Structure formats: structure tokens, C-alpha cells
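S.K.: Requesting a structural model of the entry that follows:
(one chain, ligands or ions: 3)
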Amino acid sequence: MDRKHIIDDPQTCNKAEAFEAFDDIPANPSLSRTIGDVIAARYGRRDMLKGLLGVSASAALFGASALTAPRQAAAVGAQSSSRYAFDELTWGNDETHHVADGYEADILLRWGDPVTADAPEFDVMNQSAEAQLQQFGYNNDYVGFTPLNADGSRGLLCVNHEYTNEEVMFPGLGRQDKADFAGMTKALVDIEMAAHGGSVVEIARNAHGKWSVVRDGGMNRRITPLNTAMSLDGPAAGHPRLQTSEDPSGTEVIGTLNNCAGGMTPWGTWLMAEENFHGYFWTDKLDANGKPDLSAQPEAAQMQRYGAPGRWYAWGKYYDRFNIDKEPNELNRFGWVVEVDPRNPQAKPVKHTALGRFRHEGAETTTSRDGHLVVYMGDDARFDYQYKYVSAGTVSQDSAANAKLLSEGTLYVARFDQDGSVHWLPLVHGQGPLTAENGFASQADVLIDARLAADALGATPMDRPEDAQPRGDGTAYIMLTNNSRRGEDQLDAANPRAQSSFGHIIEIKEDSGDHAATRGTWSILVKCGDPQLTEVGAQWNPETSENGWFGSPDNCAFDADGRLWVSTDQGSKWGKTGKSDGLYGMETEGSLRGHSKLFFRCPVGGELCGPYFAPDGETLFLAVQHPGTDGTKDLKGFERASTFEDPATRWPDFDPQMPPRPSVVVVTRKGGGKIAV
Ligand code: FEO
Ligand code: CA
Ligand code: CA
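M.R.: Ligands and ions are numbered 1, 2, ... in the order given. Here you go, the predicted structure:
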């Protein structure tokens, strides 16, 4: 069958790349800009005032002479010493991981490792859903840690398992979404479902500073889309659009999926962001071009705006709830932020509709000056938006009161103006265009169709907002990973490059240093890529070496000293840099602002997720996702897509019988002490 609706680009050799390449969003009328806007955006006055105009932009503005001595031409300010005390790694790409000298990077948890006390040992040739439900899931993404004792030597690791790559998970299968799922069975689908979701795992540090899993930890648990009951709460809970034949109440859902980045709340709960949920929904009705025929769907416009159904997995062949022909409302029950109490294995996870429905990348929290909870959240798609949520109540010592903070509050979407101001526009029914005559009959409609509400408000279409990290002082950093489909006529000040392959990072300073402010200012911290290539238009602090130039920022975190760290996911663009993905210390202050240093490198084909620093700053948790898959067609000497039998690396086991395994890595300093201090 012709399946053109799934990305069928020969350049995409695995599911991770196909996810990234997928884009079926209709043209957004707010994307057009005048040529004056384009010029101002591309070589903006604000960049020049800040003294951070990149080498390539300088060359374009000031002529070819700038190219003859780019490092000297770009030199600005006096050099000060890096705040990141380590010797940077040399960039490269090989079968294993690397960390800066003086540090240990140990494998803590691998796909298949036992999580619960009675879990069987992993047997890759005899996988079952029953075993996988008790073992560590696939494609670890977000990692959070919450201590269980005063010195932080015991704690709970909270890990998202975003998706599965059948071609390197199962022997003899190959990639199924390009083969009409001919090799899939219900048993394999059930294993995939059991490998999605999340894991709570107790870990402990011994007297030598080494971390290990506590196998009989009483709070260890798996959360999956196969069998974990959860509730819906907030303004959309119970709405008819959330009701299904299995759940006429519209308040109970089985499971969560495609949990990408996330966050921890000040009261120790874990937020799992549901990202590419549209990819899991199925239809049997295809048009002549092999695309979903939504003509009989009452919510066809909403489905199209969310790119659903994606038909990336065969779950809908075996489960009616993932088939929109049979249960169209199930689609509306995914795309939310899920809250889990890791300390209480009996507590039902909650999907909070107050935080809106979109392709949630992350959900990093902070508090406003007067104690309201603020959550920054990206919608990771080309030309989609940056959001934040501000709770109605304030954070306190009262856990019952805190439990309501994600149920009542205001969701905002960002408009980045040319003058350097950012305006947070409230998604509130009855305000502005969000009225019944425009298709929003209630606040439930506004939240279920948050993308459409944000369109109506005139939010700024961004270059794929991934993770966003608030610092607590009114400053936040937004990772914009790339957008190769932005045209010259679609540029704006906050998204200043056409066909942006390498992405950029925006810094927001909220008014009065208050994360709840509805206005602030913004600036571009770095434009990523190789600054030696004029056409790339990269912009780094000129003291950055080529080891520090990266592409496609994705996840980010602050350490215990308020320093920013950024990890990357180049996807199919891996071959454009030849560099593995990694973790970089990114200066945000002083004369080294925009300076980047490479600290950790992934094995070939892996993207780097996490990162998360333990509160004492002495332990760093990293998640290496899909090792051996991204960009392997461009790997010299390999030049093909990885399979179970023939992967580009067998990291981390290097056992000829074992495929590569997504794993959590724990980084500590040799001899102890804080990282990079
Ligand atoms: Fe799952 Fe947007 O990365
Ligand atoms: Ca991500
Ligand atoms: Ca983060």
C-alpha cells in the first residue's frame, strides 16, 4: 500500500529521523512577513547593540574582508575565565561515549534492566510484554531525581520512555512503518506499549560515590500506555469531547505515551510531557494519495491542525481506542502534561487539562515572586508555539493544596515582537477571539484545541520549541532546535534564519524578574551551527572553539550553581556536522556570554536527553536515547541504516548478541566533589 502520509524520504533511515521530519501542518496565515521585516529580523539592530553579531552575518553586512580573518573580526570584549571548570572534549563520533577528563560516566540503567523486585532478567531473544512491564523501558528521555534522605545518597529516579525503534529492538523485523506493519503482531505491539511511558527507580550511592539500582525499592514502578490507569482533571475533564465508549465519564484514561522531556515540581512530583501523540493513532480510511481521509470526521479541522492520525505504529490495528474510525475522542485524551507522585506507587497519575493540549516537549517548573507555580512548555513542531502556565494558588507546605496548583490557573502563549518584547497572551475563553462564534464554546474547547486558540491570538510561530528552562530569577531559556522548512518570506526577529538546520537559543527576561509576568524582553543567546560557513549564519561567543559549536539544541538544565547546560539532538542533520550529539556548558553572563564547551559525547547515532543535576551538584544524570540509529547512513564505513542484526554500535554492552540499548548514564567527579567547579 502506498503510505505517503508517513515520511518516505530515503534520507530518513530510522524512526527517530522520521519523527523529526514529519510535518503535515497546513499553512498558517500568520506566517507571512514584509521584506522590511525580513531584513530587520535577519540583521537586527538589537544584535549589533549587544556586540554579538555572528561572523557570518558580519561578513554579509561588512563585505568579504570580514571573511579573511573571521576570529579577529568577531572578537569582542575582554576574555574572562570560563565558569565551567573542565577541559573541553574534542568533537568527534565513534561507537562509545566520552566525558571530560577527571570524570566518570557509568551506565546506571539500560533498556530491559529489572525495575521491580520480581522482574525477570532481560532476555532480548525472548521478549514479552509481561517481562517488559517490570523492566526499564525504551528510549529514555527526561530524567528527574528526588532525594529520599537528607544527604541525597538515596533517591528516586523518574525517567520518561519516549518511543520505540522496532528495527533495533526486535530480531529479524526491520522498520515497520515503511512496510505497512506487515511484520507486526499483537504480541509485538504489546511489548512496544510496555516499553513506552516511564519508570520510577530507587537508586543509592555507596561510600565510594558509585550509584546503583535498589532492586527491592518499594516505590519502583513502571507506567505505560498498556495498563496504567490515570485520571483527567481541570477545566476539560468530563467534557463530551473527552468521552469514549470505554469511559463515558470523560475522566479516566489508560496510559500515557511519547513522553519526551518533563519536569519536577517543587513538591516532588514528576511531570511527563506527552509529545508526538498524533503518531500513535490509526485510520483505515485513506484517500487516493494514501493520506488519512478525514471527510467523515466531525473534528477534521482539529485533527489536521494536530497532524493526526500519524499511523506511525500499528497499535490501532489491535486496540480500537487508537483507531479514530472507532474512537475519535481518544485522540483528545492525549497531548497533555501528566503528574505522577513517585513516592506513592498507589497514586493514580493525573493528566492536567489546564496546561493545554499540544505536542508537549517539557514542563519545567519554577515559582513566581509571590509563590505561584509557573511551568514553561514548548510545542515541538515547526511553526508552533512557546507556552507557560501560571497557577491560581501558591506553592506551600500543604501537599493537598499543592495538588490543585496544576488544576486551576492560566495558560499563556508567547508573542515575540520585533522590538525585543515578549508578550504572554492568555488562553481564556471569552477573552479576545476565543469565543463561541470563533469555535470555542467553552474553556474546555480552548484547552483541547490549544493550538487553534494560540493561532487565533497571534502567537509567534517558532522553529520547533523543545525544552525550556526557567532559572527562578525571571530568566528562562528556550531551545529552538531547527526548522528546515522556514522560507525567506517567513522570517521574524525571533526566528531569523531560513531553512534553519541548526537552531538557536532564546533568552527571556520576564518583567521585574517575575516568572508570572505577562510581559518581558527577549534576545538570542546563540545561533547554532558552524560559524565558518557564511551561509549558516551561526553566532557564538568568538572565544568558542570548534569543539563547542553544536547544532539542534534540545534539552537543557541548570546545575546547583545556576549554570546552563544544553544537550543536542541533530536527528537526520547529524551528517551535516559529523559530530555526535552531546552536552555543553553554555555561558549566559559576562563577556563569555554565548560561549559553549563540550563536556560529554554520545555514542554514534544517539541523542542526548536528560540532563539532570542532583541538588548537591555532585551527580549528573544523562539519558542516551536511540544509540546507533540517527545519521548512520552518513557514517563513513557504515553508510546504512542500523538494524537489530547490524547496528552501527552495540553500546553500552558491546556484546555481539545484544543490540544497542538506550541507557541512563551517571556522571560523577573522580575523587568526589561538584561537577565543573
Ligand atoms: Fe521528543 Fe521534541 O523531542
Ligand atoms: Ca526532545
Ligand atoms: Ca530540562
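S.K.: On the pLDDT front, check residue 332 for me.
M.R.: Reading off the confidence values, residue 332 has pLDDT 98.
S.K.: Phi first, then psi, for it.
M.R.: Geometry field for residue 332 lists phi and psi as phi -80, psi -10, criterion degrees, to the nearest 10.
S.K.: Renumber starting at 828 from here on
M.R.: With the count now opening at 828, the last piece we talked about shows up as residue 1159.
S.K.: okay, now it: neighbour count?
M.R.: The number of residues packed around residue 1159, counting by other CB atoms under 10 Å, is 27. C-beta here means a position set from N, CA and C on the backbone, and glycine is covered the same way.
S.K.: Spit out the contact partners of it.
M.R.: If a contact means CB atoms under 8 Å, 6 or more residues apart in numbering, then residue 1159 has 1068, 1069, 1126, 1184, 1275 as its contacts.
S.K.: Look up phi and psi at the nearest residue to residue 1189 once chain neighbours are set aside.
M.R.: Leaving aside its sequence neighbours, residue 1189 sits nearest to residue 1088 (CB to CB, 6 or more residues apart in numbering; 3.2 Å). For residue 1088, the backbone dihedrals are phi -80, psi -170 (criterion: degrees, to the nearest 10).
S.K.: ok, residue 1088 touching residue 971?
M.R.: No: counting by CB atoms under 8 Å, residue 1088 does not reach residue 971; the two are 10.1 Å apart.
S.K.: So these two - more neighbours on which side?
M.R.: Remark: of residue 1088 and residue 971, residue 1088 carries more neighbours, 31 against 26, as counted by other CB under 10 Å.
S.K.: measure that one to residue 1101 for me?
M.R.: Taking CB to CB, to the nearest Å as the measure, residue 1088 falls 11 Å from residue 1101.
S.K.: Now residue 1146: closest residue in space, sequence neighbours ignored.
M.R.: Using CB to CB, 6+ apart and skipping residues adjacent in sequence, the residue nearest residue 1146 is residue 1016, 7.8 Å away.
S.K.: and the one you found, helix, strand or coil?
M.R.: Reduced to three states with DSSP: H, G, I helix; E, B strand; the rest coil, the structure at residue 1016 is helix.
S.K.: shouldn't it be in contact with residue 1109?
M.R.: No: with contact defined as CB under 8 Å, residue 1016 does not reach residue 1109; the gap is 11.1 Å.
S.K.: shared neighbours of these two, anything?
M.R.: Both residue 1016 and residue 1109 are contacted by 1141, 1142, 1144, under the criterion CB under 8 Å, 6+ apart.
S.K.: show me which of these neighbour ligand 1.
M.R.: Taking CB under 6 Å from any ligand atom as the test, ligand 1 is in contact with none of the shared contacts of residue 1016 and residue 1109.
S.K.: Direction included, what does the helix or strand where residue 1025 lies pair up with?
M.R.: The secondary structure element spanning residue 1025 is strand 1024-1032 (assigned by DSSP states H and E). Strand pairing for strand 1024-1032, using DSSP bridges, gives strand 981-988 (antiparallel), strand 1038-1040 (antiparallel), strand 1048-1050 (antiparallel).
S.K.: Let me know whether that strand sits next to ligand 1.
M.R.: No: using CB under 6 Å from any ligand atom, strand 1024-1032 never reaches ligand 1; the gap is at least 13.9 Å.
S.K.: Stretch 1156-1172 now?
M.R.: No: using CB under 6 Å from any ligand atom, stretch 1156-1172 never reaches ligand 1; the gap is at least 13.2 Å.
S.K.: Can you get me the start-to-end distance on that stretch?
M.R.: End-to-end distance of stretch 1156-1172 (CA to CA, to the nearest Å): 28 Å.
S.K.: now do stretch 922-935
M.R.: Across its full length, stretch 922-935 reaches 18 Å between end residues, using CA to CA.
S.K.: Give me the three-state assignment for residue 1200.
M.R.: Local secondary structure at residue 1200 is given as strand here, using three-state DSSP.
S.K.: for it, which residues make a bridge with it?
M.R.: According to DSSP bridges, the partner residues bridging residue 1200 are residue 1194.
S.K.: residues touching it, list them.
M.R.: 1092-1093, 1192-1194, 1216-1218, 1221-1222, 1232-1233, 1236.
S.K.: Now which of those would you call buried?
M.R.: For the contacts of residue 1200, a neighbour count by 16 or more other CB atoms under 10 Å gives the buried set as 1092, 1192, 1193, 1194, 1216, 1217, 1218, 1222, 1232, 1233, 1236.
S.K.: Residue 973 versus the residue nearest to residue 1189, what's the distance?
M.R.: Applying CB to CB to residue 1088 and residue 973 gives a distance of 17 Å.
S.K.: for residue 1368, same thing?
M.R.: From residue 1368 to residue 973 the distance is 35 Å (CB to CB).
S.K.: List the neighbouring strands of the helix or strand containing residue 1165 plus their orientation.
M.R.: Assigning secondary structure by DSSP H and E places residue 1165 in strand 1164-1167. Take DSSP bridges as the rule and strand 1164-1167 pairs in its sheet with strand 1097-1101 (antiparallel), strand 1177-1179 (antiparallel).
S.K.: In JSON lines: the ones you listed, plus mean neighbour count and distance to ligand 1.
M.R.: Converted to JSON lines, the strands paired with strand 1164-1167 look like this (neighbours: other CB atoms under 10 Å; distance: least, CB to the nearest ligand atom, whole Å):
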{"stretch": "strand 1097-1101", "mean neighbour count": "30", "distance to ligand 1": "9"}
{"stretch": "strand 1177-1179", "mean neighbour count": "26", "distance to ligand 1": "18"}
